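A.B. asks: Let's see this in three dimensions:
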Amino acid sequence: MSDVVGIAGDRIRSFVERIEQIETELKELAEAKKEIFSEAKGEGFDVKVLKEIIKLRKQDQEERDEHETVLDVYMRAMGEADSAPVAQAA
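C.D. replies: Below you'll find the predicted structure:
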């Protein structure tokens, strides 16, 4: 282990290499995710809707309800009450 002024070079290298490995894995996962969305689009699915579903599934019911309430309030404030069912569909 290299020890320059109390700095453990091998330990630093270990951290850096682990982070680089994770960055490589994240890049590969992002590419796989992109391919899945591309496959879904190729089969006629709306990718925006799929992404919205994924976003909603990450939230608990309380978060969803709060989002829908705020969306409804904003839509009504703009005079777009007829558009409110969009929030219910999500």
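A.B. asks: which stretches of the chain aren't confidently modelled?
C.D. replies: 1-6, 81-90 (pLDDT under 70).
A.B. asks: Any idea which residue is closest to the centre of it?
C.D. replies: Nearest residue to the geometric centre of the chain (C-alpha atoms, centre = their mean): Lys55, 6.9 Å.
A.B. asks: For that residue, give me its contacts.
C.D. replies: Neighbour list for Lys55: empty [criterion: C-beta atoms under 8 Å, 6 or more residues apart in numbering]. Using the backbone N, CA and C atoms, a C-beta is placed for each residue, glycine as well.
A.B. asks: Going by residue numbers, what spans are helices in this protein?
C.D. replies: 9-42, 47-58, 61-77, 85-89 (DSSP state H).
A.B. asks: which helices and strands sit right next to the first one?
C.D. replies: Meaning helix 9-42. Packing partners of helix 9-42 (3 or more C-beta pairs under 8 Å, 6 or more residues apart in numbering; DSSP states H and E): helix 47-58.
A.B. asks: angle of the helix it packs on against helix 61-77?
C.D. replies: Angle of helix 47-58 versus helix 61-77, following axes from the mean of the first three to the mean of the last three C-alpha atoms, to 10 degrees, is 130 degrees.
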